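Peer 1: this is a predicted model, with the sequence first.
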Amino acid sequence: MGVLSWPLALLAIFLVQLAVVARSANLQGGWMFLSHHEADESGLCAKGVADPSITCGGLFWLAMDEGLTLATIRNPSLSGILVFGINGGAGGGAYDSFNIWLALTSYPSEPVTYLTTEAQILAADFSTYKMIYMPSSATYASDGVTADQSTWIMARNWDIETYINTHYGSVMKLAARDEDEPFGFLPGDIG
């Protein structure tokens, strides 16, 4: 996109999101944001950018904010964000992007729990969290979801469905193009 089209694209995305929020009061279940964009790749949309709120990262913090807001409205007892597969700390694209975007939301102090091991992922109780967040795969963000972590997350697909449909939680997942089963954590095929 050209320089002038980014603000227009973000405005269009915001208007679509506003329409979704306005209609959400009558919907059943939680909220999902699935993207094939590797926005958390080191330096792509947040890291080192003077104002990540207006670059391509603008879409992702707005989406994160919407998911957290809808979970808060639909189930006020939920708290925190459960993060699968950010494998590292400051300096990694997935870690830095997630934290920059979270800081821009209406929930910058939301507690965050990071899960990286098989035992953690397979034993996690999703039912108390506002959001499950999954970064891009490690092919794009070096500290992103590994192939093993993707397999463990897929083993929880029915639990994720229950989390969305029963607890009204939100799910946000970035690029999964190189995974054997992109978005395989969903209980059905999205084509």
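Peer 2: Perfect, thanks for sending it.
Peer 1: what residues are up against Ser142?
Peer 2: By C-beta atoms under 8 Å, 6 or more residues apart in numbering, the residues touching Ser142 are 42, 88, 92-94. Any C-beta I mention is one placed from the backbone N, CA and C, and that applies to glycine too.
Peer 1: who wins on neighbours among these?
Peer 2: The most crowded member of the contacts of Ser142, judged by other C-beta atoms under 10 Å, is Ala94 (30 neighbours).
Peer 1: doesn't that one belong to a strand?
Peer 2: No - under DSSP: H, G, I helix; E, B strand; the rest coil, Ala94 falls outside any strand and is assigned helix.
Peer 1: what's the spacing between the spatially most central residue of the chain and Phe33?
Peer 2: Note on the chain: the residue nearest the mean C-alpha position is Met172, at 2.6 Å, using C-alpha atoms, centre = their mean. In this view, Met172 and Phe33 are 5 Å apart by C-beta to C-beta, to the nearest Å.
Peer 1: what number of residues lie near Asp96?
Peer 2: Around Asp96 there are 23 residues (other C-beta under 10 Å).
Peer 1: ignore the last one, Val171
Peer 2: The burial count for Val171: 23, using other C-beta under 10 Å.
Peer 1: settle this for me: it is touching Met32, isn't it.
Peer 2: Yes - counting by C-beta atoms under 8 Å, Met32 is a contact partner of Val171 at 4.8 Å.
Peer 1: so what sits against both of those two?
Peer 2: Common contacts of Val171 and Met32 (C-beta under 8 Å, 6+ apart): Ile164.
Peer 1: quick one, phi/psi of Phe33?
Peer 2: phi -130, psi 110 (degrees, to the nearest 10).
Peer 1: show me what contacts it?
Peer 2: Neighbour list for Phe33: 63-64, 66-67, 170-173 [criterion: C-beta under 8 Å, 6+ apart].
Peer 1: ok, now with 10 Å
Peer 2: 17, 59-60, 62-64, 66-67, 131, 133, 170-174 (C-beta atoms under 10 Å, 6 or more residues apart in numbering).
Peer 1: in strands, which of the residues you listed appear?
Peer 2: 131, 133, 170-173 (DSSP state E).
Peer 1: any idea which helix or strand carries Ser150?
Peer 2: Here Ser150 sits within helix 147-154, counting by DSSP states H and E.
Peer 1: and the next element down the chain from that helix?
Peer 2: helix 157-167.
Peer 1: follow-up on the earlier one: out of the contacts of Phe33, which end up buried?
Peer 2: Among the contacts of Phe33, those buried by neighbour count (16 or more other C-beta atoms under 10 Å) are 17, 59-60, 62-64, 66-67, 131, 133, 170-174.
Peer 1: low-scoring pLDDT stretches of this protein, where are they?
Peer 2: 1-27, 41-57, 177-180, 182, 187-191 (pLDDT under 70).
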